[in-house]
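S.K.: pasting the structure only:
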Ligand SMILES: Nc1nc2c(ncn2[C@@H]2O[C@H](COP(=O)(O)OP(=O)(O)OP(=O)(O)O)[C@@H](O)[C@H]2O)c(=O)[nH]1
Ligand SMILES: [Mg+2]
């Protein structure tokens, strides 16, 4: 065989081999890309149709940078990236104790103020007025303030003067009673008989809904639960991106639509359907922020819930309230409750306010327990609300 022919054959073989590897890498790249989620949709709900083709479950591997352009991932010459290590979230137990310093800082005014006032040798009407004012300033609300002042007055009258420790113990008892330790503060996250638990998260703009879901996903992952997120905030593409990034950090997939302005009820439906098909423990649905006085948007929220309920009960509707907005949160809570039957409150940004009393006001007004508190922007700065720890933090210092 002439040497030229031999060389041509060798070169052709090398080129073919190279091309083969290229195709294999390309296919691998595709494999790690999220599979398009298809499903039959409910014919009774035509509004859900358009987003069906565009709703995808974004698999998390390597998705810490979910916006990375796809050409980059598929380039045959690019090294096959190994998925970044998933973060190991901190278990929820004892978190409030860890974050106590932040509560103490934010609630110093209330706790210290009350203790100082009640420890005085003589508590006259002026002092009682000051106590009342301190409680109102901490957003306890008029009802709870009156009740607390009345019972404190009664006890001081009957039991007489107490030293600082005695006053602290008395306050601890009364505040604990006011916050009601008997309320069920567990968040639905266990699989039902044949379907996942479904949690919807609602609230006005910017209160911390998406962040809370991200933080909750971490808590649930730490509890070894299979979680799936639904990005039913289709208002802005960035919203789905934000949620997906949170999930990806701990290996939790997100069902989202790539179409801007897609029907949120449709995405919520798809997310729950995916959760049922994939037999996960819990599906958490993020919704767009909306002002409680926007009737159209509140109707839309009601629809999201109804559409989900065509296939699974919504076990938990968490209303996220920003603690720094104080009494305004109460109006929000009232309207949201009417539309979607709120089952629990998440009070965020409690690290930045001296108005921890809002916990009491909200619970009393709505009869709905505060279940979680946000105490910072960090990934693990969300804690289950534990009455005793909260009261201790109020009275520390
Ligand atoms: N300090 C503090 N900041 C928080 C807390 N929770 C959320 N945030 C911040 O609040 C801002 C808004 O959070 P998001 O989760 O985007 O709020 P959202 O309710 O989803 O907003 P929309 O979807 O636009 O309505 C972010 O900067 C969060 O980091 C908290 O507990 N403490
Ligand atoms: Mg959001």
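M.R.: Thanks, I have it. Quick caveat, the model's predicted, so the values are computed rather than measured. Residues are numbered from 1 along each chain as shown. Ligands and ions are numbered 1, 2, ... in the order given.

S.K.: what about the strands in the protein?
M.R.: Ranges of strands within the chain are 55-58, 197-202, 227-232, 254-257, 282-287, 316-322, 344-348, 370-374, 382-384, based on DSSP state E.

S.K.: the ones you listed: which one's closest to residue 148?
M.R.: strand 370-374 (17.3 Å; CB to CB). (Each C-beta comes from the backbone N, C-alpha and C, glycine too.)

S.K.: for the chain, name the helix or strand with the lowest mean pLDDT.
M.R.: helix 70-74 (a mean of 40; mean pLDDT, DSSP states H and E).

S.K.: ok, now which ones touch residue 365?
M.R.: Contact partners of residue 365, counting by CB atoms under 8 Å, 6 or more residues apart in numbering, are 141, 330, 333, 334.

S.K.: got it, and residue 383?
M.R.: 92, 95, 96, 98, 99, 372, 373, 375.

S.K.: go again using 10 Å as the cut-off
M.R.: 92-100, 102-103, 215, 219, 350, 372-376, 389-390 (CB atoms under 10 Å, 6 or more residues apart in numbering).

S.K.: now swap in residue 340 and tell me
M.R.: 200, 202, 287, 298, 301, 302, 304, 305, 306, 314, 317, 319.

S.K.: which one (most neighbours) among those residues?
M.R.: residue 287 (31 neighbours; other CB atoms under 10 Å).

S.K.: okay, and for this structure, where does confidence drop off?
M.R.: Low-confidence segments of the chain, defined by pLDDT under 70: 1-55, 58-84, 104-109, 354, 397.

S.K.: which residue ranges of it form helices?
M.R.: 3-32, 70-74, 95-98, 100-118, 125-137, 142-159, 164-179, 209-222, 237-249, 264-277, 295-308, 328-340, 358-366, 387-395 (DSSP state H).

S.K.: between those, which gets nearest to residue 258?
M.R.: helix 237-249 (7.9 Å).

S.K.: what comes up buried for that closest one?
M.R.: 237, 239, 240, 241, 242, 243, 244, 245, 246, 247, 248, 249 (16 or more other CB atoms under 10 Å).

S.K.: I'd like the distance from the third one to residue 383, if you could.
M.R.: Computed with CB to CB, to the nearest Å, the distance linking residue 240 and residue 383 is 27 Å.

S.K.: any chance of the strands of the chain in a markdown table, plus distance to ligand 2?
M.R.: Formatted as a markdown table, these follow (distance: least, CB to the ion, whole Å):
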| stretch | distance to ligand 2 |
| --- | --- |
| strand 55-58 | 16 |
| strand 197-202 | 9 |
| strand 227-232 | 9 |
| strand 254-257 | 13 |
| strand 282-287 | 6 |
| strand 316-322 | 9 |
| strand 344-348 | 12 |
| strand 370-374 | 13 |
| strand 382-384 | 15 |
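
S.K.: dump those strands to a markdown table, plus distance to residue 190.
M.R.: Converted to a markdown table, the strands of the chain look like this (distance: least, CB to CB, whole Å):
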| stretch | distance to residue 190 |
| --- | --- |
| strand 55-58 | 22 |
| strand 197-202 | 6 |
| strand 227-232 | 12 |
| strand 254-257 | 21 |
| strand 282-287 | 8 |
| strand 316-322 | 11 |
| strand 344-348 | 15 |
| strand 370-374 | 15 |
| strand 382-384 | 15 |
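
S.K.: about what we covered before: among the helices of the chain, which is nearest residue 190?
M.R.: helix 209-222 (10.2 Å).

S.K.: so the closest one versus strand 227-232, what angle?
M.R.: Counting by axes from the mean of the first three to the mean of the last three CA atoms, to 10 degrees, helix 209-222 lies at 170 degrees to strand 227-232.
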